[in-house]
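Visitor: Need coordinates for the below:
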Amino acid sequence: MNPFSSIIGQSPALESLLRSAGIAAMTDVTILIKGETGTGKEVLANALQKASPRARKPFISLNCAALPESLIESELFGHKKGAFTGAIANQQGLFQAADGGTLFLDEINSLPISIQAKLLRFLDSGECLAVGDTRPYKVNVRVIAATNSDLLEQIAAGGFRQDLFFRLNVVPMELPSLAQRPEDIELLIKHFLGLFSNTHAIDPPKFSRQSLKVLKAYPWPGNIRELRNLCERLCILLAGRTIEPENLPFEFTRGFSEERSLETGFKLPDGGVQLDNLEADLIYQALNRTHGNRSQSARLLGLSRDTLLYRMRKHGFSAQ
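Guide: Numbering: from 1, shown residues only. Below is the predicted model:
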């Protein structure tokens, strides 16, 4: 089975990335995955591990933003008994736990500057130093890091070491946002609906063509994670039904409605309209502009001549 089959999509940007990932996976090169939150950076890191010679070894993941600075050093490198209050026994760190395998450091941009020097030391020499110890230990660990922010900006602001960036950025890989690959949305929806219908033992809903059009126009600030959550919600609440635009959360249709109003040149007023009065007024304007020519008026309104005559009679215009 292809380890990268867990990454759903056929867009050119994604396929190009996966080709590069397949080549890099077979080496021990350090990889820096870039991408917005929710684009699947950990999924890619896991696939890189499974496609590598380290596939049968541990894959350990740490979100660098999830731990306070006082704990992250011990979590990564371990500590000796008595190194600090509460250190009642020797404790191995994630580097030791990942020995022979891969350590994935997510949100590396949140790694405290004080810890960055110790990570750089490992990348340069393979050595780690546990908190409270004086003798380093060596491990064989491949590092894959990920960031959801621009590290070059952090370097300029003094928040990230430039030398560490160069050691991490040997093979950079940038996951495209979901908005950059709308052609993959239907494939992802099919995948997630199948997943959740099996998980919850229910019939999956179907998306109408118009609702798919709405989803493809949406900017997806939460990327694939947001789409996954939407699919699970609709799978549970609307099992077996056809999803129309009105079934989607308001934030999805709001942007689509605004886009449509820009295309048509008409935006619905906050107070609403009387549709019959609006239609009658537009017919009157068209007839006035064409000096009563029914065929030209129909073209202005995007109607057939017969439809225009029917609507003229409906609103009391002379159709003779």
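Visitor: domains in the protein, as residue ranges please.
Guide: Per the record, the chain has its domains at 3-176, 181-264, 275-314, by automatic domain parsing.
Visitor: Show the pLDDT at R311.
Guide: Predicted confidence (pLDDT) for R311: 87.
Visitor: show me what contacts it?
Guide: Contact analysis of R311 by Cβ atoms under 8 Å, 6 or more residues apart in numbering lists E279, I283, L303. The way it works is simple: take the backbone N, C-alpha and C, and place the C-beta from them, glycine included.
Visitor: now with 7 Å?
Guide: By Cβ atoms under 7 Å, 6 or more residues apart in numbering, the contact set of R311 is E279, I283.
Visitor: Kindly confirm my reading that it forms part of a helix.
Guide: Yes - assigned with DSSP: H, G, I helix; E, B strand; the rest coil, R311 falls within a helix.
Visitor: Flag the shaky bits of the stretch 201-320 of the chain, pLDDT-wise.
Guide: Scanning the stretch 201-320 of the chain with the threshold set as pLDDT under 70 gives 255-268, 319-320.
Visitor: need the helices for it, in chain order.
Guide: 209-217, 223-237, 250-264, 275-289, 294-301, 305-314 (DSSP state H, counting those that start in this stretch).
Visitor: do the same with the stretch 51-200 of the chain
Guide: Using DSSP H, counting those that start in this stretch, the helices of the stretch 51-200 of the chain run over 69-77, 94-97, 113-125, 151-156, 162-168, 185-200.
Visitor: out of those helices, which comes closest to I88?
Guide: Among the helices of the stretch 51-200 of the chain, the nearest to I88 by Cβ to Cβ is helix 69-77 (12.8 Å).
Visitor: buried residues in the closest one?
Guide: Neighbour-count burial for helix 69-77, counted by 16 or more other Cβ atoms under 10 Å, picks out I72, E73, S74, E75, L76, F77.
Visitor: Then stretch 109-124?
Guide: By neighbour count on 16+ other Cβ under 10 Å, the buried set for stretch 109-124 is N109, S110, L111, I115, Q116, K118, L119, L120, F122, L123.
Visitor: which among the residues you listed gets closest to G132?
Guide: Nearest to G132 out of those is K118 (Cβ to Cβ; 13.5 Å).
Visitor: thinking that closest one is in contact with F77, fair?
Guide: Yes - judged on Cβ atoms under 7 Å, K118 makes contact with F77 at a distance of 6.5 Å.
Visitor: Now do the shared contacts for those two.
Guide: Counting by Cβ under 7 Å, 6+ apart, the common neighbours of K118 and F77 are L129.
Visitor: just to revisit the earlier point, can you say which of the helices of the stretch 51-200 of the chain is nearest to S61?
Guide: Closest to S61 of the helices of the stretch 51-200 of the chain is helix 94-97 (Cβ to Cβ; 8.9 Å).
Visitor: Need the residue closest to the centroid of this protein.
Guide: N223 (2.4 Å; Cα atoms, centre = their mean).
Visitor: so who does it touch?
Guide: Here N223 is in contact with E36, T37, G38, T39, S177, L178 (Cβ under 7 Å, 6+ apart).
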